[in-house]
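In: Task: produce atomic coordinates for the following.
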Amino acid sequence: MAGDATAGRSATPPCCFLLILLCCCLRLAPNNAEELQRFNHPTKPDGSLSFLVVGDWGRRGLFNQSQVASQMGRIGEQLDIDFVISTGDNFYDNGLTGEDDPEFEESFTKVYTAQSLQKQWYSVLGNHDYRGDAEAQLSPVLRQTDWRWLCLRSFIVNAELAEIFFVDTTPFVRSYFTDSKGHTYDWRAIKSRKAYIREAIEDLESALTESIASWKIVVGHHSIRSIGHHGDTEELVKLLLPVLQANSVDFYMNGHDHCLEHISDKDSSIQFLTSGAGSKAWRGDIKDVNRKDLRFFYDGQGFMSVQLSQADAEIVFYNVFGEALRTLNASKGLHQSI
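Out: Coordinates of the predicted model:
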């Protein structure tokens, strides 16, 4: 029997082993275009899309979070929104302690109670989220607690006329690794910062290149351009911005600076939109950079609405009272504020 088994193995041509090995390698090798998880979200029957954008909010309703949430509910009903985007720093000051942290319900479920906000929330992580159990926010367990919640590191929402690319920007920032200022960060999933950033850029670039959507929107927590407290994020200017410019991205939406803001890109049609005013704001400090490209800045609480059709976009900034502060009207190939 032993002899028969040996004979059977030796009878297999060496090329077959190589073919099997090659197939295994191809199956295991990551395909960058497929690594980003995709979620399909239909448009309205008329082909339009509307959603709200809010960031830096999770404070158990304090610092006007509840007031902002109330106005989001009112505007959300008027616009019949399809979903909500959170630009990160979802739970202050140090993220969640775990999947069973009561702050999830106290800062999310019990605050955003309006009927119009009972839609899917697509969220990214911010630097404050990484100070806690970042894995908890990504866990399906939270989706069982509140079905609206969907938070991943990087992913894509395919909403037919628009593709929205969510990017995990916190690992891009070197100072969180080298000068944590007494804070601890949950880097369990970031084995190599350089490799993580490289793969994130490759995944995004591949997905953007393949996109045929009318509108391309990229969402991250950190600003690329800002005159607010934090200002520009140098790593994103160097590594992420060229990819957006090369792939005709229309809007980059972020939080991080606790304000509402619109800055144009001097080298492309990209519009930088900050919506990080979901709770604590009024920083009171403004940087001198980007002043000539600044279109709007509000140092206070609020949120942003986005309405899209195949050819046109209308983006409105609202304050804590639900008053429209600024409107950006954009058409394909032309961006202008009124």
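In: Now do the nearest residue to Gly276 once chain neighbours are set aside against Gln271, distance only.
Out: Nearest residue to Gly276, sequence neighbours excluded (C-beta to C-beta, 6 or more residues apart in numbering): Gly255, at 3.3 Å. Where C-beta positions appear, they are placed from N, C-alpha and C, glycine not excepted. With distances taken as C-beta to C-beta, to the nearest Å, Gly255 is found 16 Å from Gln271.
In: can you check Asp80 too?
Out: 24 Å.
In: Can you identify the element that follows whichever strand or helix holds Leu150 toward the C-terminus?
Out: Under the criterion DSSP states H and E, the helix or strand holding Leu150 is strand 149-151. Going down the chain from strand 149-151, the next helix or strand is strand 155-159, by DSSP H and E.
In: mind listing what the next helix or strand after that following strand pairs with, with the direction of each?
Out: Where DSSP H and E defines the elements, the next helix or strand beyond strand 155-159 is strand 162-166. Using DSSP bridges, strand 162-166 pairs in its sheet with strand 155-159 (antiparallel), strand 215-219 (parallel).
In: for these, which one ends up most surrounded?
Out: strand 215-219 (a mean of 24; mean count of other C-beta atoms under 10 Å).
In: Report the buried residues of whatever helix or strand comes next after that strand.
Out: On the C-terminal side of strand 215-219, the closest following helix or strand by DSSP H and E is helix 234-239. Counting neighbours by 16 or more other C-beta atoms under 10 Å, one finds that the buried residues in helix 234-239 are Glu235, Leu236, Leu239.
In: what's the answer for stretch 137-146, then?
Out: Going by neighbour count (16+ other C-beta under 10 Å), the buried part of stretch 137-146 is Gln137, Leu138, Ser139, Leu142, Thr145.
In: Quick check: of these, which lies closest to Asp299?
Out: Gln137 (27.8 Å; C-beta to C-beta).
In: ok, that closest one - contacts?
Out: By C-beta atoms under 8 Å, 6 or more residues apart in numbering, the contact list for Gln137 reads Asn90, Phe91, Gly95, Leu96, Ser123, Leu125, Asp129, Cys151.
In: rerun that using 7 Å as the cut-off
Out: Asn90, Gly95, Leu96, Leu125, Asp129, Cys151 (C-beta atoms under 7 Å, 6 or more residues apart in numbering).
In: Quick check: bridge partners of Gln120?
Out: Bridge pairing for Gln120 (DSSP bridges) gives the partners Phe83.
In: Burial check on it, number of neighbours?
Out: Here the count is done by other C-beta atoms under 10 Å, and Gln120 has 16 residues near it.
In: Give the ranges of residues in the stretch 1-150 of the chain that sit below the confidence cut-off.
Out: 1-34 (pLDDT under 70).
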